[in-house]
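J.: No letters, just coordinates:
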């Protein structure tokens, strides 16, 4: 296994913090199928545009999403398809953990 510098681990931790908010994960999931405007995301998420904009700014600053302006609209998309793959992997790990905990709970209650 390769050795990593403290700086690289710090950068990884910062990127992980980017994904540590449910609203940002919802935004990423909505962008799975392509570009969306802030208004589109706000409607789907039933969240005020100002809040969605703040989360998009964090995602943009961390290089997770990129904007594209067309007329008065700004469309956001994921910068890398592997971002969605990483989120899907984490989702599957979570489901596996839930299943294991369910099995443990059932054994303990029986």
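T.: Received, thanks. Since this is a predicted model, take the numbers as computed values, not measurements. Numbering: from 1, shown residues only.

J.: so the spatially most central residue of the chain, which of the three states?
T.: The residue at the geometric middle of the chain, judged as the C-alpha nearest the mean C-alpha position with C-alpha atoms, centre = their mean, is residue 25 (3.2 Å). Judged by DSSP: H, G, I helix; E, B strand; the rest coil, the three-state class of residue 25 is helix.

J.: what's the distance between it and residue 69?
T.: When distances are taken as C-beta to C-beta, to the nearest Å, residue 25 and residue 69 turn out to be 25 Å apart. Placement of C-beta: from N, CA and C, glycine included.

J.: From the contact counts, what lies against whichever helix or strand residue 103 is part of?
T.: Using DSSP states H and E, residue 103 maps to helix 81-109. Packed against helix 81-109, as judged by 3 or more C-beta pairs under 8 Å, 6 or more residues apart in numbering; DSSP states H and E, are the following elements: helix 22-30.

J.: which secondary structure elements does the helix it packs on contact?
T.: helix 38-45, helix 49-61, helix 81-109.

J.: Just the mean pLDDT for that helix, thanks.
T.: Confidence for helix 22-30, expressed as mean pLDDT, is 96.

J.: got the contact list for it?
T.: 18-19, 36, 40-41, 44-45, 47, 51-52, 55-56, 58-59, 64-65, 76, 78, 83-84, 87 (C-beta atoms under 8 Å, 6 or more residues apart in numbering).

J.: for it, the distance to its chain's centre please.
T.: Between the mean C-alpha point of helix 22-30 and the mean C-alpha point of its chain there is a distance of 5 Å (C-alpha atoms, centre = their mean, to the nearest Å).
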